[in-house]
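[1] Sharing a model that was predicted from the sequence below.
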Amino acid sequence: MSLPKSFPLRVAGGKTIQIPSVGYGTWASGENSWAKDAVVTALKAGYRHLDCAWMYGVDEAVGEAIKESGIPREEVFFWPHFGHPDNVELCLDKILASMQLDYVDLYLAHWPCVWKPASREALEKAHSGHDSTPSDKAIVYLEDGKPDVDWERSAANLAEQRGKKGSFVPTWKAMQACVRSGKARAVGLSNFSITEIEELLPHEDDVPIACNQIEVHPWLPQPELVAFGHKHGIVTTCYSPFAGQMEGGVRRLEETKVVELAKKNGMDGGQLLQSWAVQRGTVPLGKSATPARIKSNLDIRKLSDEDMKALDGLAVPDGKGRTVDFTEKWGVPLFTG
């Protein structure tokens, strides 16, 4: 029995569209010149699902890659994240102009916290460059180097932990307006906890919460959050599905159990973890700049119950398997509630 090629994603008016079950992630630190060639390779290998973010600084390259690939725009499922919720439509307009697109398939709120923009003018001038990201130029930083958080517009759960009152609802409503205007087919969240999603559920109206993108892999399976998404019709998409490195610089993909199971199934480690993710009803967003890896990561297959349980057994208690955590760097109590 093969794994699904796509999952239904809720959009406005009680309808659904199909989201490919395996996506290609475009995040990378440092120089982003790799992006165009890698995305062209991914599209030609069969990917039809691209994850991007205005903060990543690769929007122009991804837009150029879509055109160069020769793949019709309507066949490519594309979503960006945004990082300035006070200017939801402006950020989306910048993305569309930079990528030469008329619409995005899915528009995400990148984090449940909101940073104060330096000014609308600074945001309008911010551009994806090779030496810095838009957020470097367009948000306010405090003397200690942390971004200045706008608690009033951040999720209530986060603001409360800082003794303040906040609400993400106004930003969510601005996102919904982007769907009604035709600039986005659907809207969703990223890095939101159950409590933070619950704040928005009463405000879905005709435009629902389509997805929540979070870090998920066998070392951080997040079963409660994934189950909550299934219950409410929210697709869980998974960034960092290969889990990066362990202490000492050893890649998780090279752990003994992963190597053993991959060999048993005639796969490499990336295929194994992508297969595990899709079999759980989630959407992995693996990334590689190596053509052979890009192609193999798309080749997923059904695993036995025994092998699924073996991978489940890699979970690290108390969420300590997390590899992406800006809690200390930003001074924000992320991933709580």
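    Arrived safely. Numbering: from 1, shown residues only.

[2] Please tell me how far the residue nearest to the spatial centre of the chain sits from Pro317.
    With distances taken as Cα atoms, centre = their mean, Gln213 lies nearest the centre of the chain, 4.4 Å away. Distance of Gln213 to Pro317, computed by Cβ to Cβ, to the nearest Å: 24 Å. Quick note: C-beta positions are derived from backbone N, CA and C, even for glycine.

[3] any idea which element Asn212 lies in?
    strand 209-215 (DSSP states H and E).

[4] Could you list the low-pLDDT ranges of the stretch 101-250 of the chain?
    The model of the stretch 101-250 of the chain has pLDDT under 70 over residues 120, 122-137, 245-249.

[5] what about the strands in it?
    104-109, 184-190, 209-215, 235-239 (DSSP state E, counting those that start in this stretch).

[6] Dump those strands to CSV, plus distance to Lys295.
    Shown next, in CSV, are the strands of the stretch 101-250 of the chain (distance: least, Cβ to Cβ, whole Å):
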stretch, distance to Lys295
strand 104-109, 23
strand 184-190, 27
strand 209-215, 23
strand 235-239, 20
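
[7] ok so, going back, residues contacting the strand holding Asn212, please?
    9-11, 19, 51, 81, 106, 108, 186-192, 197, 200-201, 222, 225, 229, 232, 234-240, 283, 285, 322-324 (Cβ atoms under 8 Å, 6 or more residues apart in numbering).

[8] Quickly run through the sheet partners of that strand, with directions.
    strand 184-190 (parallel), strand 235-239 (parallel) (DSSP bridges).

[9] Compute the inter-axis angle for it and strand 104-109.
    Going by axes from the mean of the first three to the mean of the last three Cα atoms, to 10 degrees, strand 209-215 is angled at 60 degrees with respect to strand 104-109.

[10] neighbours around Glu306, how many?
    Here the number of neighbours of Glu306 (other Cβ atoms under 10 Å) works out to 9.

[11] name the element it belongs to?
    Per DSSP H and E: helix 305-312 holds Glu306.

[12] just to revisit the earlier point, pull out the buried residues from the contacts of strand 209-215.
    9-11, 19, 51, 81, 106, 108, 186-192, 197, 200, 222, 225, 229, 232, 234-240, 283, 285, 322-323 (16 or more other Cβ atoms under 10 Å).

[13] Kind regards, and thank you for your time.
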